[in-house]
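1. quick one, structure for this:
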Amino acid sequence: MAEQQQKNGNHAGRPAGSGPAKRTTQAAGEKPAGLNETWSATSGILARRKRQYLIAVRTLPGFAASPANSVHETLKQMEDVEILRRLRPKGFKGLGAGAQPGAQEIIVVRMDDQRAETLRQSAPPHVVIEEDARIETGMSMFPASLAAPRRRREVQFQVLGGGDQPLASAGVTVLGRSFGALAITDQAGTASVAILDAEADLEDVGAIYVQPAADHWECFIQRPILNPAETNVVRLRPLSSQRFPDAANKPAGEKRPAAWTQELMDLGRLAAGLTGAGVKIGLIDSGCDNSHPLLHHVAKGVDLTRSNGAEGWTRDEIGQGTHCAGIIAGTGDSALGVSGIAPGTEIHVFKLSPGGRFSDLIEALDQCIERQIDIVHLGVSANQVSELVARKIIEARLRGVACIATSGDEGGPVRFPGMVPGVLCVSAVGRLGEFPADTHHALTAIPEFIGSVGVFATNFSGAGPQVGVCAPGVAVISSVPGGGLAARDGGAIAAAHVVGFAALVLAHHPLFRGVYASRGEQRVNALFELVLASATRPVFDPTRVGAGLPDFRGVAGMGASNADAWNKTMQNLGVFGGAKEGLGERFPPSVGAPPGAMALMQLHAAGLI
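-> Residues are numbered from 1 along each chain as shown. Prediction:
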């Protein structure tokens with residue numbers, strides 16, 4: 001067994017399987033054929049479920065760190081601990097010159113909770129033992145169907161798009177007080193949704209949510225009138241619909257711009273011709289469908305979930321990674337009418353969802369260090385905290401990798417790793433008039449947090465003092481798997497806007513061709529300070545929007561004369577009074593020194609402003 005564990009421990013990927021082959025006969029005391037390793041031969045019942053854990057050595061002041069090899073040898077002797085793999089750093093080897101060789105290595109094991117707790121209690125203080133928890137991508141908006149119904153009632157639907165064409169692969173969700181049911185439309189646009197209780201009155205249905213695969217607006221109908229005897233037809237608007245009549249300060253019927261989100265961040269005339277060329281971006285998310293017309297240039301990636309082979313990173317089951325890739329670096333197609341913020345950047349895709357764990361996130365960050373990635377988009381999050389992931393993020397920052405993360409989509413506190421110091425955490429905001437009123441997008445606004453130009457804080461974004469900036473994250477139109485477009489919500493989508501924004505600054509600001517041309521933590525600090533200093537804050541709770549919306553016109557020393565940049569930046573900071581029209585003061589007098597003040601001093605010292 002020790003020999004098999006040694007083989008598993010040295011393997012770069014996960015083992016395909018372990019344990020003896022099944023036999024057709026069963027001896028006394030043996031587990032029945034077909035049951036997994038949790039069967040207990042002594043009691044004849046299922047034993048504790050095993051989980052994955054991460055074990056590593058931390059360096060503490062005054063303690064000599066034990067080599068990771070000694071920990072590995074100890075674990076090999078434990079028959080109830082299965083060693084899955086060893087994560088060895090590919091780039092930065094330690095947090096300082098005095099770090100011990102192997103101190104950053106992480107061992108991934110599988111064991112039951114009782115064994116893990118025993119190890120925690122007996123381990124010395126410099127050994128870290130934590131669960132290798134699952135990470136998540138995007139929102140979980142609606143409940144799953146309840147199990148074991150007595151009888152079912154089938155309700156028929158047909159979903160039609162522009163020109164009354166049937167829409168295939170659209171999700172139809174029926175929500176009731178005590179149930180939720182989902183079906184997918186076929187090529188004729190039809191779907192049969194099974195409501196759990198045949199005796200339930202259709203008046204118990206609280207809402208119908210129809211989500212198209214691409215190219216149409218979703219539809220969220222509250223308290224619908226359903227006909228159990230006929231097909232219920234739902235018509236969806238094409239994404240090319242005109243601007244909606246509740247648009248703030250805009251006349252009804254005005255043509256909807258393809259990128260209102262970029263307009264909101266002033267990524268227009270000033271950023272024209274800037275592509276972000278030379279910047280490498282790590283997209284840690286759900287993969288990327290590079291067969292999409294906007295994403296043919298995305299050629300580098302790896303599937304760290306190891307579920308779909310070498311090219312598995314191009315398969316995006318969730319769609320969020322493809323959507324964010326389009327926001328950051330879509331090449332622009334006049335037929336589709338959308339383009340990315342920084343289309344000249346080099347995207348490296350790291351697929352971590354569905355199925356990824358903390359250990360996979362650590363490996364992705366390690367590869368970002370090795371590949372000298374400039375900016376990382378952290379589109380994944382977790383409801384647990386990992387010291388070992390946080391430590392890897394710190395290593396990445398020290399090596400010049402700027403990590404930009406979602407604040408989460410659960411509507412509570414900022415989720416991990418957005419809370420890690422040194423990460424630029426991004427929350428999502430929306431703008432009224434950029435979506436039909438009968439969509440779920442319309443339900444994301446917090447009424448008391450709607451600004452004078454219709455910008456609103458969202459009820460799904462994580463909130464807290466860790467939020468650095470906000471960005472568009474409601475009804476954002478971008479690429480989705482299969483070649484179409486879709487309007488989606490989420491904190492990862494907001495973070496993608498800031499990633500593209502930061503890429504333009506890093507690629508084209510003179511500060512990063514001079515004082516901060518070399519990779520390192522100071523370069524990351526300067527980049528984040530410029531982004532923060534450019535922001536304009538809507539007049540509501542800063543724990544929801546941080547410093548506010550990054551504004552490309554507010555990036556000091558870029559795109560204007562030195563005097564103009566200095567004057568504009570000082571005005572944004574409240575030194576000369578005034579503020580950007582419509583969005584309130586950048587920093588109210590009570591706030592004191594802005595978080596971007598250091599960037600101004602650096603620019604002034606460098607003679608750039």
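2. dump the residue contacts of the residue nearest to Val467 when sequence neighbours are not counted.
-> Spatially, and ignoring its direct neighbours in sequence, Val467 is nearest to Gly546 (3.9 Å; Cβ to Cβ, 6 or more residues apart in numbering). (Glycine included, C-beta is placed from N, CA and C.) Residues in contact with Gly546, defined by Cβ atoms under 8 Å, 6 or more residues apart in numbering, are 425-427, 467-470, 535.
3. most neighbours among the residues you listed, which one?
-> Val426 (34 neighbours; other Cβ atoms under 10 Å).
4. so it sits right up against Val469, yeah?
-> Yes: using Cβ atoms under 8 Å, Val426 is in contact with Val469, at 5.9 Å.
5. who touches both of those two?
-> 498, 546.
6. which sections of the stretch 451-600 of the chain are below the confidence cut-off?
-> Along the stretch 451-600 of the chain, the parts satisfying pLDDT under 70 run over 559-600.
7. 90 instead, please
-> Across the stretch 451-600 of the chain, residues meeting the criterion (pLDDT under 90) sit at 451-453, 514-515, 536-541, 556-600.
8. now do the stretch 1-150 of the chain
-> 1-50, 57-74, 88-105, 124-126, 136-150.
9. any idea how many residues pack against Glu79?
-> By other Cβ under 10 Å, 9 other residues sit near Glu79.
10. how many neighbouring residues does Val539 have?
-> Applying other Cβ under 10 Å, we find 15 residues neighbouring Val539.
11. with Glu370 instead?
-> Residues lying near Glu370 (other Cβ under 10 Å) number 13.
12. also Ala310?
-> Using other Cβ under 10 Å, the number of residues around Ala310 comes to 10.
13. skipping its backbone neighbours, what lies nearest it in space?
-> Ala310 sits nearest to Asp303 (Cβ to Cβ, 6+ apart), 7.6 Å away.
14. so what's the one you found up against?
-> 287, 309-313, 315, 351.
15. how near is it to Val349?
-> When distance is defined by Cβ to Cβ, to the nearest Å, Asp303 is 9 Å away from Val349.
16. and Thr173, by the same measure?
-> Between Thr173 and Val349 the computed distance is 29 Å (Cβ to Cβ).
17. which of those two has more neighbours?
-> Each of Thr173 and Val349 has its neighbours counted (other Cβ under 10 Å); Val349 has more, 27 against 19.
18. so the nearest residue to that one once chain neighbours are set aside: helix, strand or coil?
-> Leaving aside its chain neighbours, Val349 sits nearest to Gly301 (3.3 Å; criterion: Cβ to Cβ, 6+ apart). Recorded secondary structure, Gly301: strand (DSSP: H, G, I helix; E, B strand; the rest coil).
19. wait, doesn't Gly301 sit right on Ser286?
-> No: with contact defined as Cβ under 8 Å, Gly301 does not reach Ser286; the gap is 11.6 Å.
20. what do those two both touch?
-> Lys351.
21. so what does the helix or strand hosting Ile477 touch, helix or strand wise?
-> Assigned by DSSP states H and E, Ile477 belongs to strand 476-479. When contacts are defined as 3 or more Cβ pairs under 8 Å, 6 or more residues apart in numbering; DSSP states H and E, strand 476-479 packs onto helix 320-329, strand 485-488, helix 491-508.
22. ok, back up a step: just the buried ones from the contacts of Asp303?
-> 287, 312-313, 315, 351 (16 or more other Cβ atoms under 10 Å).
23. re the thing from before, quick check: buried residues in the strand holding Ile477?
-> 476-479.
24. helices of the protein, start to end?
-> 2-10, 68-76, 113-122, 260-264, 320-329, 358-370, 387-398, 491-508, 521-534, 542-545, 562-572, 597-605 (DSSP state H).
25. so which of these is nearest Ser192?
-> The closest of the helices of the chain to Ser192 is helix 320-329. By Cβ to Cβ, the value is 28.3 Å.
26. and the closest one, average pLDDT?
-> Helix 320-329 shows a mean pLDDT of 97.
27. that one to helix 491-508, inter-axis angle?
-> Helix 320-329 and helix 491-508 are oriented at 30 degrees to each other (axes from the mean of the first three to the mean of the last three Cα atoms, to 10 degrees).
28. picking up where we left off before, save the helices and strands packed on strand 476-479 as TSV, and put in mean neighbour count too.
-> TSV is the format used below for those (neighbours: other Cβ atoms under 10 Å):
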stretch	mean neighbour count
helix 320-329	30
strand 485-488	24
helix 491-508	29
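29. could I get the ones you listed as a markdown table with distance to His377?
-> Converted to a markdown table, these look like this (distance: least, Cβ to Cβ, whole Å):
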| stretch | distance to His377 |
| --- | --- |
| helix 320-329 | 6 |
| strand 485-488 | 15 |
| helix 491-508 | 5 |
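30. what's opposite the residue nearest to Gly206 when sequence neighbours are not counted in the beta bridge?
-> Closest residue in space to Gly206, ignoring its immediate chain neighbours: Leu175 at 5.2 Å, by Cβ to Cβ, 6+ apart. On the basis of DSSP bridges, Leu175 takes part in beta bridges with Gly180, Ala207.
31. hmm, back to that, give me the subset of the buried ones among the contacts of Asp303 lying in strands.
-> For the buried ones among the contacts of Asp303, membership in strands holds for Lys351, with DSSP state E as the criterion.
32. among the buried ones among the contacts of Asp303, which has the minimum pLDDT value?
-> Across the buried ones among the contacts of Asp303, the bottom pLDDT score, 91, is held by Gly312.
33. hang on, the earlier thing: partners of the strand holding Ile477, with directions?
-> When DSSP bridges is applied, strand 476-479 pairs with strand 485-488 (antiparallel).
34. contact partners of the strand it pairs with?
-> Residues outside strand 485-488 that contact it (Cβ under 8 Å, 6+ apart): 212-215, 217-218, 239, 319-320, 323, 336, 338, 435, 439, 441, 475-480.
35. run the chain-centre distance for that strand.
-> Put simply, strand 485-488 sits 16 Å off its chain's centre (Cα atoms, centre = their mean, to the nearest Å).
36. in the chain, which residue is most central in space?
-> Gly379 (1.6 Å; Cα atoms, centre = their mean).
37. and that residue, what does it touch?
-> Contacts of Gly379 by Cβ under 8 Å, 6+ apart are 137-138, 283-286, 320-321, 324, 406, 492, 495-496.
38. as JSON lines, the residues you listed with distance to Arg523 would be great.
-> What follows is these, written out as JSON lines (distance: Cβ to Cβ, whole Å):
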{"residue": "Thr137", "distance to Arg523": "29"}
{"residue": "Gly138", "distance to Arg523": "30"}
{"residue": "Leu283", "distance to Arg523": "20"}
{"residue": "Ile284", "distance to Arg523": "20"}
{"residue": "Asp285", "distance to Arg523": "24"}
{"residue": "Ser286", "distance to Arg523": "29"}
{"residue": "Gln320", "distance to Arg523": "28"}
{"residue": "Gly321", "distance to Arg523": "26"}
{"residue": "Cys324", "distance to Arg523": "23"}
{"residue": "Thr406", "distance to Arg523": "23"}
{"residue": "Ala492", "distance to Arg523": "24"}
{"residue": "Ala495", "distance to Arg523": "20"}
{"residue": "Ala496", "distance to Arg523": "21"}
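39. ok, those vs Gly268, which is closest?
-> Nearest to Gly268 out of the contacts of Gly379 is Ala496 (Cβ to Cβ; 18.1 Å).
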